[in-house]
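In: Build the 3D model from these lines:
(2 chains)
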Amino acid sequence: MAGTYTQIVKITAPSSASPGESVSIVGNIKNLAAYAIYICASGKYDDTIFYLSPTYASVGAGATYSFSGSFSMPNKKVRVYVWSYYWTGSEWYLDDEAYVDIALAELKPSVSQFQIVDYVKV
Amino acid sequence: MVTKTLELSLGSIIADPPEYQTGWYRDPISGQVYYYDAENMKWYIYVAGVLQPLAIAEQSAPKTISVMAGDSVKVSISYKYTGPASSGVEEYFSIGYKDALGYHPKVVGTNSRSLPACGTATLFTASATLVIPTGVGENWNHIECKVWHGSPEIPETGLRYLNALTIVGIAAKITEFTIVDYVKV
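Out: Sure thing, here's the model as predicted:
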């Protein structure tokens, strides 16, 4: 579903992530207007807002622009919302919304790079 | 698959990781095939078509220090952990000896800690001070450290340094005995 002037045409995100893993989100947002407009985007996961960069961009008519961000995966599955806004001349207007679901990847305990760093007489 | 022959003839795997590259190795005595993952410094044993991690790898100690009863040895370790939060993980430090039956820890120190959930390999460090007791054996030359236990249980992973210690001062010994002089007085 598109907004009035913007459309989130695609959200790129992993289908699952481990707790604590950095989850990268990329939202591709299309300008539906017949002229260039300023677009910005933000996101939300688990009631936490995160920002997508760049802060805003001038997007030509019909063009699509990528906004990206990341967050640390909590210890549960999340639904990630991406919102697109356009600049009315006086404010950022919330125009479109889309979401993806990210499952919690099961972690198996694993130890690597074990080293005896040093041993000294004290 | 390229299999190289271990340069050391050993009943169990003994390696010096900086000299080994990732790849397959064969123990020339037993014929046993191993795989070494240089990036993670882990040895695997190849059994019935399956690679299984070697819990405790052995290698020659990079240095030997001389100690005697009453001395303290501080041992420091580091490792990377990936996995869910685990409580009651034991960091284990020991000094001991080896015989045909294996390794026998004689002085042991442990730390219990909780590891947080780590989505990526996260570095942890620990240390313990081991006191050489009266009655130390002359063959207590090795240091073994590992991490294990926990809930959920983490795979036992560790390292044994062979001949890391030389035990001195056990037997009464007189050296450089000399008749300095003899004169008519």
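
In: contacts, neighbours, all on C-alpha from now
Out: Noted.

In: The residue most central in space within chain A bridge partners, please.
Out: By Cα atoms, centre = their mean, the mean C-alpha position of chain A lies nearest to residue A:25, the distance being 3.1 Å. The residues listed as beta-bridge partners of residue A:25 by DSSP bridges are residue A:69.

In: For residue B:27, see how far away it is.
Out: 48 Å (Cα to Cα, to the nearest Å).

In: Low-confidence ranges, chain A, go.
Out: Counting by pLDDT under 70, chain A contains no low-confidence residues.

In: What residues does it have near chain B?
Out: A:18-21, A:107-122 (Cα under 8 Å from any Cα of the partner chain).

In: what do you get if the cut-off is 10 Å, keeping everything else the same?
Out: Applying the criterion Cα under 10 Å from any Cα of the partner chain, the portion of chain A that neighbours chain B consists of A:17-22, A:72-73, A:75, A:105-122.

In: and these, which of them are in helices?
Out: For these, not one is inside helices, with DSSP state H as the criterion.

In: Return the members of those residues classed as buried.
Out: Buried residues within the residues of chain A next to chain B, defined by neighbour count using 16 or more other Cα atoms under 10 Å in any protein chain shown: A:17-22, A:73, A:75, A:105, A:107, A:109-116, A:119-120.

In: is it true that residue B:108 touches residue B:129?
Out: Yes - A contact is recorded between residue B:108 and residue B:129 when judged using Cα atoms under 10 Å, the distance being 9.4 Å.

In: list the residues that contact both of these two?
Out: Between them, residue B:108 and residue B:129 share the neighbouring residues B:93-94, with contact defined by Cα atoms under 10 Å, 6 or more residues apart in numbering or on different chains.

In: Show me the strands in chain A, by range?
Out: Remark: strands assigned in chain A by DSSP state E are A:6-12, A:16-17, A:22-31, A:37-45, A:48-51, A:57-59, A:64-72, A:78-87, A:92-104, A:110-121.

In: Tell me which of the ones you listed sits nearest to residue B:122.
Out: Closest approach to residue B:122 among those (Cα to Cα): strand A:110-121, 9.4 Å.

In: any idea how far the closest residue to residue A:118 other than its chain neighbours is from residue B:127?
Out: Sequence neighbours aside, residue B:76 is the residue nearest to residue A:118 in space, at 5.3 Å (criterion: Cα to Cα, 6 or more residues apart in numbering or on different chains). Remark: distance between residue B:76 and residue B:127 (Cα to Cα) = 4 Å.

In: Give the residue from the two that has the larger number of neighbours.
Out: When residue B:76 and residue B:127 are compared on other Cα atoms under 10 Å in any protein chain shown, the one with more neighbours turns out to be residue B:127, at 21 against 18.

In: Next up, the contacts around that one.
Out: Contact analysis of residue B:127 by Cα under 10 Å, 6+ apart lists A:116-119, B:74-78, B:91-93, B:109-111, B:145.

In: quick one: which of those residues is nearest to residue A:10?
Out: The nearest one, if we look at those relative to residue A:10 and count by Cα to Cα, is residue B:78, at 42.6 Å.

In: Identify each buried residue in stretch B:71-88, please.
Out: Of the residues in stretch B:71-88, those buried (16+ other Cα under 10 Å) are B:72-73, B:75-88.

In: Restricted to strands, list those residues.
Out: When strands are assigned by DSSP E, the members of those inside them are B:72-73, B:75-83, B:86-88.

In: Let me have these in TSV, extended by distance to residue A:8 and pLDDT.
Out: What follows is these, written out as TSV (distance: Cα to Cα, whole Å; pLDDT from 0 to 100):
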residue	distance to residue A:8	pLDDT
B:72	65	95
B:73	62	96
B:75	56	97
B:76	52	97
B:77	49	96
B:78	46	96
B:79	43	95
B:80	39	93
B:81	38	94
B:82	35	89
B:83	34	87
B:86	40	93
B:87	43	95
B:88	47	96
